[in-house]
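Student: Coordinates only, no sequence provided:
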DNA sequence: ATGGCTGTCTCGGACAGA
């Protein structure tokens, strides 16, 4: 049975409960992975999602920051939650579908302003988080797995509006790109979005600060869908729903979709 | 002009996002 998966940094699920419901109604993904829910688990809005058929979920949360949730129309069982780099943050949760596919939902630390761990602790935490993800993938040798989320790195030159102007900007620095590549290699993860859309500029995030984000189009591809090689060939129909960035009181991220024939 | 804004927690403004 084919299933459609989406990942979206919602930037407060309580504030944007209505936008989530709209996406679920209009696009009907089987599984939706959210990041930056910014809510303790017990305060997550779930009733509206249940009414739309999304009766299964796993979540981790904390007050004010971070937070991840997987909403699903398909039954799923919890498959763990890691606290990489020992930050005490709710940045990962995993779930296993009845078809045996495990879904990992990540919110990688943003990393602060200065791309130098000697003067910016947050940048060091971001690199350490990616290193722990790499070591986990290397040890676990994941199979039949999908890794999604806001990885907060735009790895390719055509994943940003200006490669040259962003080389020293956190999210596109060579050291971050190298750390992400090592994480990807350790799990043999296939970048599903780029498998489907190999050429051209592709963004999933546009800053709130631009006067006209659509016209300026200074975006970055920070949100990703990866799959292990045993199921990557089943993936197709990848897409980024740019119009969602233009909805009323939007998140600064657009949702990323893929369908798997499994 | 890569911060010009936005959200949380809490009721003014620090902190975080990226």
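Tutor: Received the coordinates, thanks. All of these numbers come straight from a predicted model, not from anything done at the bench. Numbers count the residues shown, from 1 in each chain, chains lettered A, B, ... in the order given.
Student: for residue A:73, what are its contacts?
Tutor: Taking CB atoms under 8 Å, 6 or more residues apart in numbering as the criterion, residue A:73 is in contact with A:30-31, A:53-56. Glycine gets a C-beta too; all of them are placed from N, C-alpha and C.
Student: repeat that for 10 Å
Tutor: A:3-4, A:24, A:28-32, A:49, A:52-56 (CB atoms under 10 Å, 6 or more residues apart in numbering).
Student: same thing with residue A:108?
Tutor: Contacts of residue A:108 by CB under 10 Å, 6+ apart are A:35, A:84-85, A:91-92, A:125-126, A:129-130, A:133, A:149-153, A:176, A:179-180, A:183, A:222, A:224.
Student: Strands - which of the residues you listed land there?
Tutor: A:35, A:92, A:149-150, A:224 (DSSP state E).
Student: Sort out which one of those lies nearest DNA strand B for me.
Tutor: DNA strand B lies nearest to residue A:150 out of those, by CB to the nearest atom of the strand, at 5.9 Å.
Student: In terms of secondary structure, what does the longest strand seen in chain A contact?
Tutor: When chain A is scanned for its longest strand (criterion: DSSP E), the result is strand A:2-9. Packing partners of strand A:2-9 (3 or more CB pairs under 10 Å, 6 or more residues apart in numbering; DSSP states H and E): helix A:17-27, strand A:31-35, strand A:68-72, strand A:102-107, strand A:145-150, strand A:223-227, strand A:235-240, strand A:256-261.
Student: Pull out the buried residues from that strand.
Tutor: Judged by neighbour count (16 or more other CB atoms under 10 Å), strand A:2-9 contains these buried residues: A:3-9.
Student: before we move on, what about stretch A:73-93?
Tutor: Neighbour count says stretch A:73-93 has A:73-74, A:76, A:79, A:81-82, A:84-85, A:89-93 buried, by 16+ other CB under 10 Å.
Student: Kindly present the residues you listed as JSON lines, with separate columns for pLDDT.
Tutor: As requested, those are arranged in JSON lines below (pLDDT from 0 to 100):
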{"residue": "A:73", "pLDDT": "98"}
{"residue": "A:74", "pLDDT": "98"}
{"residue": "A:76", "pLDDT": "97"}
{"residue": "A:79", "pLDDT": "98"}
{"residue": "A:81", "pLDDT": "97"}
{"residue": "A:82", "pLDDT": "97"}
{"residue": "A:84", "pLDDT": "97"}
{"residue": "A:85", "pLDDT": "96"}
{"residue": "A:89", "pLDDT": "96"}
{"residue": "A:90", "pLDDT": "97"}
{"residue": "A:91", "pLDDT": "98"}
{"residue": "A:92", "pLDDT": "98"}
{"residue": "A:93", "pLDDT": "98"}
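Student: Could you check how far the closest residue to residue A:180 other than its chain neighbours is from DNA strand B?
Tutor: Among residues not flanking residue A:180 along the chain, residue A:153 sits closest, at 4.7 Å (CB to CB, 6 or more residues apart in numbering). According to CB to the nearest atom of the strand, to the nearest Å, residue A:153 and DNA strand B sit 8 Å apart.
Student: Of the contacts of residue A:73 - the most surrounded one?
Tutor: When neighbours are counted by other CB atoms under 10 Å, residue A:32 leads the contacts of residue A:73 with 28 neighbours.
Student: residues contacting that one?
Tutor: Applying CB under 10 Å, 6+ apart, the residues near residue A:32 are A:4-8, A:10, A:20, A:23-24, A:49, A:54, A:57, A:69-73, A:105, A:148, A:255, A:257.
Student: Try it again at 8 Å.
Tutor: By CB under 8 Å, 6+ apart, the residues touching residue A:32 are A:5-8, A:20, A:23-24, A:54, A:70-72, A:255.
Student: of all the residues you listed, which comes closest to DNA strand B?
Tutor: Using CB to the nearest atom of the strand, the contacts of residue A:32 come closest to DNA strand B at residue A:8, 11.4 Å.
Student: Model confidence score at the closest one, please.
Tutor: Listed pLDDT for residue A:8 reads 98.
Student: Now it: closest residue in space that isn't a chain neighbour?
Tutor: Spatially, and ignoring its direct neighbours in sequence, residue A:8 is nearest to residue A:255 (3.8 Å; CB to CB, 6+ apart).
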